[in-house]
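**Q** Make a model of this:
(chains A and B)
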Amino acid sequence: MFRKIDVKAKPAEFEKPIRDYWKQHNIPQKSEDFREGAPKFVFYEGPPTANGMPGIHHAISRTLKDVVCRYKTMRGYQVNRKAGWDTHGLPVEIEVQKQLGISVKKEIEEYGIEKFNKKCRESVFTYEKEWREMTNLLGYWLDLDNPYITLTNDYIETVWWILNQYWKKDMIYVDNKIVPFCPSCGTPLSDHEVALGYREVEDPSVYIRFKVIDEENTYFLAWTTTPWTLISNVALVVHPDHDYVKVKNGDEYLILAKARLDVLKEEYEIVENYKGKDLEYKEYEQLFPFIKPNEKAFYVALGDYVTLEDGTGIVHTAPAFGEEDFAIGKEYNLPFMRPVNEEGKFTDEITDWAGEFVKDADKSIIKDLNMRGMLYFRTQMKHTYPFCWRCDSPLIYFARKSWYIRTTSYKDKMIENNKKIAWYPPYVGEGRFGDWLENNVDWAISRDRYWGTPLNIWLCEKCGHQDSPGSIKELQEKGSLVDGTPVPDDIELHRPYVDDIVFTCSECGGIMRRTPEVIDCWFDSGSMPFGQWHYPFENEDIFDKELFPADFIAEGIDQTRGWFYTMLAIATFIKGKSSYKSCLVNELVLDKHGKKMSKSKGNAVDVFKILDKYGADATRWYLLSVSPPWIPTRFNEEGVLEVNNKFIGTLKNVASFFATYGNIDNFEYDEYKIAVEDRPELDRWIISRLNSVIKKVSEFNEKYDLTRAVRLLQSFVINDVSNWYVRRIRKRVWASGMEDDKVAAYMTLYEVLLTVSKLCAPYAPYISEEIYRSFTNKESVHLENYPEHDEELILPELEKEMQYIIDIVSLARAARNEAKIKIRQPLRTLYVPEGLKDVVERMKSLIVEEINIHDIEYVKDKTRFMDYSIKPDYKVLGPKYGKHMSHVAQALQNMDANHLIDILNKEGVYHLDVDTNEIKLTKESLQIETQNKEGFVYSEEGDVFVALDTRIDDELLLEGNARELVNKIQFMRKEQDFDIMDRIEISFYTESDEIKETFEKFVDYIQKETLAVEIAEMENSDGLKSWNVNGKEVFLQVKVISETPHSKIS
RNA sequence: GGGCUUGUAGCUCAGUUGGUCAGAGCACCGCUCUGAUAAGGCGGGGGUCGGUGGUUCGAGUCCACCCAGGCCCA
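**A** Reported below is the predicted structural model:
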């Protein structure tokens, strides 16, 4: 017995019992265990943060990961799937701050770091339930019960070990870093936060004179929108290759870019031309002499970043307040002046504005410059400027101390390793990621925050000596708690606990304390290959053999500079190679208008709703098939519905069809044996198609081209299996008894469906499992091997021939349609080409049934039905005759096509004169097409054509009536919800002699088709239902007379 | 502003190395089949292949520029 597949169940109801079964029988674990000892396929899960809700965009990469892991498992590898959680970082802190209603760092410290971090720890898993649920519903098998978690001591210990490796090799240093800073919150913002707060505002746009030294009455004209930074000016920057000029403007001389002369207010006269590089090191007078620098300053430097879009082509530079400025400052060794405190106020050195918020000082600084005659011109200008998303104050860019890793020192090695990674699609690795690596800068790894892996570097208060523990043991050996007690084994490796540990300086005996920063959480996730196994403290022996590197990872493209980079950077340093061999990249999921989904826009798709409404199989299949994952997917809910109706629904129904009839006949696959070559051609055809599909799907899978794989499978199931094979075997299945013909159909369909269940298992794990388990007594399709194709069963010739049959049927239906004769009306003869006689004779029954005709005849000369028309084959003639082609086409159009074809058939070649060229025409150089001759219903495609005899004689008419009656009776059976096997009694009444005659002549046929045991003519229409049968009125009634569930009428 | 990427029917997508009425599915309209099907079949309407220029006998396809969406970076 085959378990019936419930085709009516809602997707969510359909999938739940399967999920329960997996859980009960521990199938996910078994799918790892049953490959014990097999070669490993190493997969790494990129850790999500569980403090936000999972969305549909998470579903895409989870689907990809799951599909590949399932596929590789079925291919014979052991695939371990350890889950992971990213738990540190600013987003967590921000969530907690929101909860607590505080926004400033000072408030966190007042609240208490211990309490604050405790809150963070709790909030990290706020949405873990939802993540588990989504993962579970989606069918993503992941070991969520043994995940790696970046906040555990083991994990942190590994991160410390890695950082310590860098430190020991002198790869870590301290420098300034320009960060976007909110002076009101007193905190730097992450790039992500900055992006939240861009707004268009008006700012002053000022043109300033800088007095050139040693040149009378001459000034550089520079431009800025942040006047307050002028106080810290140390240099002017020009583009080395742009043209600059000195002009006489009124009674003074100004230097600026030639392309920006239109900013000048008055008439001017060019007195000298320069290239930017000619100006290098030219000195000017300090604008605000508050601070005396100890390095050489106040001269012109060169920078490629200077543009001629706005300003004067001369950029004022203050290294503490801009990233480009900072870089130039380093390059030229310019003094570093930062007379601004962490509240964004000028320090005491700046006597005139001490204590004033820098942005507020803009006005009076401009005024001061104006009074001193240094202001050339001021105006207001609209531009986008970042604001704090929390408190709405304008951000300032600002130098702060930061710890760096010298990644640039092994940049070449990273580039080399990247070339060995197989990227899908390749352009991400070559282009986007490759370019990014080329422009690698040292990694700023410290964050002035609270909730994160504490930076494991201790500094001596007295002599500045550094030390770094690389393990808990080392921490215990080197340090002790402030009160002198030893560091406990279970010390929590977070702030504030580690802050309480002090070392004694080995150099001067002073007290060493931990530097207060925490580590960038990207360093955490990038350490994941090591951290998840607590390497090297555990698993060291098997690490390089079994756990590293990953064969495969898959995440969103936004990880290019994130996880993809940190995974490469850390592993290259620690192991000398990348931590992943291949990487499948997915783009984001957009709404159906191609816009980014966001909560605030309200266009975000609720993944739970989708899973509930359509099920995981349809959702996964949709995401895979709609477009290749690496181009942005426009999520269209109707598309998911379509997958459900068409693909999933069809597959379920085919399986249900098989189970229904297989059970009626008590079919058991193992009880029969008919070799494929002994089965009817239709069966051999579908098996050939199946093997062709296995071959192609495997090829696609190996290339991670999952989109093509599912599209091919979908088309196979819908077109080949359902619309052709099953449709054509129904008569065989309805037959009584268990003749070989029927058994072969059952065997074939069984084999096809079982194989399809395995082929689809990685993509649609639920329906595949259901079919597999309905068909076998085995435990799970996910413990199977992926099907391998059998080259001997692929019969290209048969596939081509079947295509002829399919084309004939399609054309004949079109012909019927054109003749306006419906299919229920039988016709006498269909004409097909002589050349196909062999094929058609072999598969005649397929056509006869489908088209409802009595006979097929073969004709040699199709010109009986059609005319030829000809066109040049451009691909052949084009290269030869080039620009004469349009004239060739014209000449051909004017010829008698039938005549030309005649000559070509006889002589093989025809000479044509065009533009004094002699054109040699052969059949190969022409595209020959055909058109209907009047009076025939005729259609053609490729080598195939059909013609239909549309005459209906009396016998055909009655036969048509009979089919019509059967149709009505079947409809009534269905309407009254009779069982398929119910036998019935038919009552009819009609005044039409033609219908009466039909009943008489076709009584057997009608009885057989409708399982009627009796047909009775009534004296009137009382209680009967009226029907129109080919224009005649008939009254009908059907009743069940007995129920015979498991046998058919004979 | 820079890099990458996408733009083909109302919607979602195919369109191989340039080769001639530009395709599929959905949706819409007409007809039709059906005791597995929420399906299927036949036909119809619907496209200046984002725009402009160029190369070529010939461009959705190659080149340049521009416009729009997306991602990343400034």
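**Q** least trustworthy helix or strand in chain A by mean pLDDT?
**A** strand A:938-941 (a mean of 46; mean pLDDT, DSSP states H and E).
**Q** Quick check: next helix or strand after it?
**A** Heading C-terminal from strand A:938-941, the first helix or strand you meet, by DSSP states H and E, is strand A:944-948.
**Q** Helices of the stretch 601-750 of chain A, start to end?
**A** A:607-626, A:637-642, A:649-664, A:681-702, A:706-715, A:727-734, A:740-760 (DSSP state H, counting those that start in this stretch).
**Q** so which of those gets nearest RNA strand B?
**A** The closest of the helices of the stretch 601-750 of chain A to RNA strand B is helix A:649-664. By C-beta to the nearest atom of the strand, the value is 3.3 Å. To be clear about C-beta, it is placed using only N, CA and C from the backbone, and glycine gets the same treatment.
**Q** avg pLDDT for the closest one?
**A** Averaged across helix A:649-664, pLDDT comes to 91.
**Q** near RNA strand B at all, that helix?
**A** Yes. Counting by C-beta under 7 Å from any atom of the strand, contacts between helix A:649-664 and RNA strand B involve A:649-650, A:653-654, A:656-657, A:660.
**Q** Packing partners of that helix?
**A** Helix A:649-664 sits against helix A:740-760, helix A:765-775, with contacts defined as 3 or more C-beta pairs under 8 Å, 6 or more residues apart in numbering; DSSP states H and E.
**Q** Now do the residue of the stretch 501-650 of chain A found nearest RNA strand B, the pLDDT please.
**A** Among the residues of the stretch 501-650 of chain A, residue A:645 lies nearest to RNA strand B; the distance is 3.3 Å by C-beta to the nearest atom of the strand. Residue A:645 is assigned 87 on the pLDDT scale.
**Q** Over to residue A:34?
**A** Confidence score, pLDDT, at residue A:34: 94.
**Q** Got the phi and psi for it?
**A** phi -70, psi -10 (degrees, to the nearest 10).
**Q** quick one on the thing from earlier: so of the helices of the stretch 601-750 of chain A, which one's packed in deepest?
**A** Among the helices of the stretch 601-750 of chain A, helix A:607-626 has the highest mean neighbour count (mean count of other C-beta atoms under 10 Å), at a mean of 24.
**Q** Please say whether there is contact between that one and RNA strand B.
**A** Yes. Using C-beta under 7 Å from any atom of the strand, helix A:607-626 reaches RNA strand B at residue A:626.
**Q** In terms of secondary structure, what does that helix contact?
**A** If contacts are counted by 3+ C-beta pairs under 8 Å, 6+ apart, helix A:607-626 sits against helix A:11-24, helix A:56-74, helix A:128-138, strand A:633-634, helix A:637-642, helix A:706-715, helix A:765-775.
**Q** Reformat those as JSON lines; add distance to residue A:208 and mean pLDDT.
**A** Below are the helices and strands packed on helix A:607-626 laid out as JSON lines (distance: least, C-beta to C-beta, whole Å; pLDDT from 0 to 100):
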{"stretch": "helix A:11-24", "distance to residue A:208": "68", "mean pLDDT": "93"}
{"stretch": "helix A:56-74", "distance to residue A:208": "47", "mean pLDDT": "92"}
{"stretch": "helix A:128-138", "distance to residue A:208": "55", "mean pLDDT": "92"}
{"stretch": "strand A:633-634", "distance to residue A:208": "50", "mean pLDDT": "77"}
{"stretch": "helix A:637-642", "distance to residue A:208": "57", "mean pLDDT": "86"}
{"stretch": "helix A:706-715", "distance to residue A:208": "57", "mean pLDDT": "90"}
{"stretch": "helix A:765-775", "distance to residue A:208": "67", "mean pLDDT": "94"}
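**Q** do you know which of those lies nearest RNA strand B?
**A** That would be strand A:633-634 among these, by C-beta to the nearest atom of the strand, at 4.1 Å.
**Q** Do that closest one and RNA strand B come into contact?
**A** Yes. Part of strand A:633-634 sits near RNA strand B under the criterion C-beta under 7 Å from any atom of the strand, namely A:633-634.
**Q** Could you check how far that strand is from the centre of its chain?
**A** Centre-to-centre, strand A:633-634 and its host chain are 8 Å apart (C-alpha atoms, centre = their mean, to the nearest Å).
**Q** Could you find the closest non-adjacent residue to the residue in the stretch 251-400 of chain A that RNA strand B sits nearest to?
**A** RNA strand B sits closest to residue A:323 of the stretch 251-400 of chain A, with a gap of 5.1 Å, by C-beta to the nearest atom of the strand. Closest residue to residue A:323 apart from its sequence neighbours, by C-beta to C-beta, 6 or more residues apart in numbering: residue A:178 at 4.5 Å.
**Q** So in that sheet, which strands flank whichever strand or helix holds the one you found, and in what orientation?
**A** Per DSSP H and E: residue A:178 is located in strand A:172-182. Using DSSP bridges, the strands paired with strand A:172-182 are strand A:187-188 (antiparallel), strand A:396-405 (antiparallel).
**Q** With mean pLDDT and mean neighbour count as extra columns, can I get the ones you listed in a markdown table?
**A** Shown next, in a markdown table, are the strands paired with strand A:172-182 (pLDDT from 0 to 100; neighbours: other C-beta atoms under 10 Å):
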| stretch | mean pLDDT | mean neighbour count |
| --- | --- | --- |
| strand A:187-188 | 70 | 23 |
| strand A:396-405 | 85 | 20 |
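**Q** Now render these as CSV, adding distance to residue A:125.
**A** Shown next, in CSV, are these (distance: least, C-beta to C-beta, whole Å):
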stretch, distance to residue A:125
strand A:187-188, 25
strand A:396-405, 29
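**Q** So which of those strands is nearest residue A:845?
**A** Between residue A:845 and the strands paired with strand A:172-182, the shortest gap by C-beta to C-beta is with strand A:396-405, which sits at 75.0 Å.
**Q** centroid residue for chain A?
**A** The centre of chain A sits closest to residue A:629, judged by C-alpha atoms, centre = their mean, with a distance of 2.8 Å.
**Q** residues contacting that one?
**A** A:60, A:64, A:584-587, A:623, A:706-707 (C-beta atoms under 8 Å, 6 or more residues apart in numbering).
**Q** Residue A:654 too?
**A** Neighbours of residue A:654 in contact, by C-beta under 8 Å, 6+ apart: A:717, A:721-722, A:726, A:749, A:753.
**Q** From RNA strand B, how far out is the nearest residue to residue A:921 once chain neighbours are set aside?
**A** Spatial nearest neighbour of residue A:921, excluding adjacent residues (C-beta to C-beta, 6+ apart): residue A:910 at 4.5 Å. Separation of residue A:910 from RNA strand B (C-beta to the nearest atom of the strand, to the nearest Å): 20 Å.
**Q** pretty sure residue A:910 contacts residue A:904?
**A** Yes. Counting by C-beta atoms under 8 Å, residue A:910 touches residue A:904, with 5.9 Å between them.
**Q** Overlap in contacts, these two.
**A** A:921-922.
**Q** if we can go back for a sec, so for the residue nearest to the centre of chain A, what pLDDT did the model give?
**A** pLDDT, read off for residue A:629, is 84.
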